[in-house]
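**Q** Turn this into a model:
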Amino acid sequence: MEKPNISVSVIIVTFNVLELLKECLESITSKNLKLEIIVIDNGNDDTYQFFKNKKQYTYIKNKENIGFAKANNIGFKIAKGKYILVLNPDTKLKKNTIDTMFNFMEENLNVGMSTCKLLLPDGSLDRSCRRSIPNIKNSIGKFFYLSKIFPQFSGYNIRENINKTIEVEAISGAFMFIRSKALYGDSTHKKIGFFDEIFWAMGEDLDLCKRFQIAKWKIIYYPKTTTLHYKGASGGIKKSSKDKTNADSKTKKRWIKAYFNAMELFYEKYYRERNSVITNYITIITIRLLLILRMIKFMFTKS
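**A** Model prediction:
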């Protein structure tokens, strides 16, 4: 049987944010493109009830929260689109976003993945949509606020004009417009593969970007269209979505731990072998101390 001619497969992994997910789904439109929307549900709310008679979506309910990477990979395995849009449920697309990104990718065949301008609810840029791959130096600058004083430590967040199209090292998993043949491979392109499932949540987007870089695919920040990103609604640990989240204390703790665990896993995967034993020891201990401090802060500030 011949596969349908799908232009873009949209994959959304959701966790207990049904109202935001509804807004997200309503914003996914296109004038000329054939879309398929795949929703992978990691939650335990009433989302499954909403999808009972929604035949226009491919809906998959997981028995438990298996994490962002593993759930997206379920979507990757069944997606049929020429392009795949990995999209968070706490986003709201501008009307022309999918068409704009599709046309950009069609005109730039050396680009493996791209993103648009992601804006937080206050109108500021979500800086994770255009950033560098973390290393020891730029991570120190970010977490110890040295980047605000010393320019040499400011490499993680890109300071160029936010309205300028630029090549970047990494984009956010909230909006990743991916060329399918880069993921799956074909007769002329080696398969990069899906998200690495060692990452439960967070870090998998950086890892995929790193692998695209290694494979010599360009990653582009293309700000000709915008997407609203409430950011962190599923985990409940971001200020930008504090009024939108349904996350309880247990969920928030799990996401905080996942955040720092992702740092450690990323370091182990890409930097341990090239650095000294002492550097490795100091780095891992620092990450674990940052986790402890963040958990203490959470315990004293949680509502």
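**Q** can you give me the helices in the stretch 101-250 of the chain?
**A** Taking DSSP state H, counting those that start in this stretch to define them, one finds helices in the stretch 101-250 of the chain at 136-143, 180-184, 204-214, 249-270.
**Q** Out of the ones you listed, which one sits most buried?
**A** Highest mean neighbour count of these: helix 204-214, a mean of 21 (counted as mean count of other Cβ atoms under 10 Å). Bear in mind the C-beta positions are built from the backbone N, C-alpha and C, glycine included.
**Q** can you redo the helices of the stretch 101-250 of the chain as JSON lines with mean pLDDT and distance to residue 160?
**A** What follows is these, written out as JSON lines (pLDDT from 0 to 100; distance: least, Cβ to Cβ, whole Å):
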{"stretch": "helix 136-143", "mean pLDDT": "66", "distance to residue 160": "15"}
{"stretch": "helix 180-184", "mean pLDDT": "95", "distance to residue 160": "25"}
{"stretch": "helix 204-214", "mean pLDDT": "97", "distance to residue 160": "18"}
{"stretch": "helix 249-270", "mean pLDDT": "94", "distance to residue 160": "24"}
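**Q** Relative to residue 31, which of the ones you listed is closest?
**A** Nearest to residue 31, of all those, is helix 180-184, at 21.4 Å by Cβ to Cβ.
**Q** about what we covered before: tell me which of the helices of the stretch 101-250 of the chain lies nearest to residue 168.
**A** Comparing these by their distance to residue 168 (Cβ to Cβ), the top pick is helix 204-214, with 8.4 Å.
**Q** Regarding the chain, what is its longest helix?
**A** For the chain, the helix with the greatest residue count under DSSP state H is helix 277-301.
**Q** ok so, going back, could I get the helices of the stretch 101-250 of the chain in JSON lines, plus columns for distance to residue 92?
**A** What follows is the helices of the stretch 101-250 of the chain, written out as JSON lines (distance: least, Cβ to Cβ, whole Å):
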{"stretch": "helix 136-143", "distance to residue 92": "27"}
{"stretch": "helix 180-184", "distance to residue 92": "24"}
{"stretch": "helix 204-214", "distance to residue 92": "19"}
{"stretch": "helix 249-270", "distance to residue 92": "22"}
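**Q** Nearest to residue 43, out of those?
**A** Per Cβ to Cβ, nearest to residue 43 of the helices of the stretch 101-250 of the chain: helix 249-270, 10.0 Å.
**Q** just how off-centre is the longest helix of the chain within its chain?
**A** Put simply, helix 277-301 sits 23 Å off its chain's centre (Cα atoms, centre = their mean, to the nearest Å).
**Q** which parts of that helix are buried?
**A** By neighbour count, with 16 or more other Cβ atoms under 10 Å as the criterion, the buried positions of helix 277-301 are 280, 283, 286-287, 290-291.
**Q** And stretch 71-85, by the same measure?
**A** Of the residues in stretch 71-85, those scored as buried under the neighbour-count criterion (16+ other Cβ under 10 Å) are 71-76, 79-85.
**Q** Among those residues, which one sits closest to residue 233?
**A** Minimum separation from residue 233 among the buried residues of stretch 71-85 (Cβ to Cβ) is found for residue 71, which lies at 15.8 Å.
**Q** quick one: the closest one is in a helix?
**A** Yes: counting by DSSP: H, G, I helix; E, B strand; the rest coil, residue 71 is found in a helix.
**Q** from memory it sits against residue 63, does it?
**A** No: the pair residue 71 / residue 63 is not scored as a contact, 11.8 Å apart, by Cβ atoms under 8 Å.
**Q** so what sits against both of those two?
**A** Shared between the contact lists of residue 71 and residue 63 (criterion: Cβ atoms under 8 Å, 6 or more residues apart in numbering) there are no residues.
**Q** which residues touch residue 115?
**A** Residue 115 makes contact with 129-130, 171-172, 175-177, 220-222, according to Cβ under 8 Å, 6+ apart.
**Q** In helices only, show me the buried residues of stretch 71-85.
**A** In helices, defined here by DSSP H, the members of the buried residues of stretch 71-85 are 71-76.
**Q** any chance of these in TSV, with distance to residue 52 and pLDDT too?
**A** Formatted as TSV, those follow (distance: Cβ to Cβ, whole Å; pLDDT from 0 to 100):
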residue	distance to residue 52	pLDDT
71	20	98
72	23	98
73	25	98
74	20	98
75	20	98
76	25	98
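**Q** That concludes my questions; thank you for your assistance.
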